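Q: just coords:
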């Protein structure tokens, strides 16, 4: 894109891009600081060190709140709906403030978080707001120009970067922070447009200024490798919210790993494809291979079963269960082909709503 077109698009898009400030109460924040960082270490006089770390007064506002992070978002409805990443608004006991491009601030209510895609929708008490139009990520082509806008590093608001579509349908395992559980993200747009911490939740737009993705992740230690969630998934979340008042995602109820030739040899199983039903951890109930009470549980699927097919389509590393669920809805009927030991058998079930 030439400079004039970029400038025109930025002027069009920028008023609908917002910053999101994350704050916690001082007393709650002090409880989260590990005691081993300060307890038991004597002061210079030999007296025990106080049992808390002093947070500078200038970091604490008049309401006893301390800003602990920031992200980006964009307005998708003139009546105050804001789209961002789920991981931006996933802090327990935190309060969120949306800062508009004109400097106005509004407390944000979290309407819904997508349990599968890294998308959340917020509501602010404002109206007649500028909003962005959503495009179609399925039409993206390698090499196509993109513009990313966001709150880089949580400090540099309204940061613009230009790049291209570097890859499509990428799959990564991401963590919002070192202590967070890893999340597999699939179907992502890869771009070389600069995406930094704090850009998360901001829009990435095409040459017409339409949103094609939600900035989501970067590869630590790499250069010019960023990822965005295709807007089609976000659009579906918005449609769910308008229709149901919440994001509805179908639940099958299986935890699994995809089988390939390496896993076949390692675990001495008879096939080199399919989804091996397996728990994530050895102890906790919430790590069970088959979620209790789920459609898969009621259909009789057990740990160590291998799901070979879903609605007649073979499952493998390039075509996992989750890819098919992304295109399905609550209430859809699903036909599985399951391998247990040496026996194959069909299973029919109906997807319920993920809570």
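A: Done, it's in. Predicted model only: the values in this text are computed from it and were never measured. Numbering: from 1, shown residues only.
Q: is it true that residue 269 touches residue 263?
A: Yes - the criterion here is CB atoms under 8 Å, and residue 269 meets it with residue 263 at 7.4 Å. Any C-beta I mention is one placed from the backbone N, CA and C, and that applies to glycine too.
Q: Low-confidence ranges, the protein, go.
A: 26-68, 153-155, 174-183, 219-222, 280-287 (pLDDT under 70).
Q: care to break it down by domain?
A: Split into domains by automatic domain parsing, the chain comes to 13-123, 137-244, 250-353.
Q: Make JSON lines from those domains and add distance to residue 131 to it.
A: Shown next, in JSON lines, are the domains of the chain (distance: least, CB to CB, whole Å):
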{"stretch": "domain 13-123", "distance to residue 131": "4"}
{"stretch": "domain 137-244", "distance to residue 131": "10"}
{"stretch": "domain 250-353", "distance to residue 131": "25"}
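Q: Residue 6: which of those domains is closest?
A: Among the domains of the chain, the nearest to residue 6 by CB to CB is domain 137-244 (6.1 Å).
Q: Off-centre distance for the closest one?
A: 10 Å (CA atoms, centre = their mean, to the nearest Å).
Q: First residue to last residue on it, what's the distance there?
A: 24 Å (CA to CA, to the nearest Å).
Q: ranking the domains of the chain by burial, who's on top?
A: Among the domains of the chain, domain 137-244 has the highest mean neighbour count (mean count of other CB atoms under 10 Å), at a mean of 19.
Q: Give me the common contacts of residue 269 and residue 263.
A: residue 276 (CB atoms under 8 Å, 6 or more residues apart in numbering).
Q: Can you give the contact residues for stretch 7-15?
A: Outside stretch 7-15, the residues that reach it (CB under 8 Å, 6+ apart) are 1, 101-102, 130, 132, 147, 149, 158, 160, 203, 205, 207-209.
Q: Residue 5: which of the domains of the chain is closest?
A: domain 137-244 (6.7 Å).
Q: Now do the contacts for the spatially most central residue of the chain.
A: The chain has residue 118 as the residue nearest its centroid, 1.5 Å off, counting by CA atoms, centre = their mean. By CB under 8 Å, 6+ apart, the contact set of residue 118 is 85-87, 174, 183, 185, 214, 216-217, 229.
Q: packing partners for the lengthiest strand in the chain?
A: Ranked by number of residues, the top strand in the chain under DSSP state E is strand 156-174. If you count contacts as 3 or more CB pairs under 8 Å, 6 or more residues apart in numbering; DSSP states H and E, strand 156-174 packs onto helix 3-13, strand 145-152, strand 183-191, strand 211-218, strand 226-230.
Q: now with 6 Å?
A: Under the contact criterion of 3 or more CB pairs under 6 Å, 6 or more residues apart in numbering; DSSP states H and E, strand 156-174 touches strand 145-152, strand 183-191.
Q: Bridged to the closest residue to residue 141 other than its chain neighbours, which residues?
A: Of all residues not flanking residue 141 in the chain, residue 165 sits nearest, at 6.6 Å (CB to CB, 6 or more residues apart in numbering). Here residue 165 sits in beta bridges with residue 191, going by DSSP bridges.
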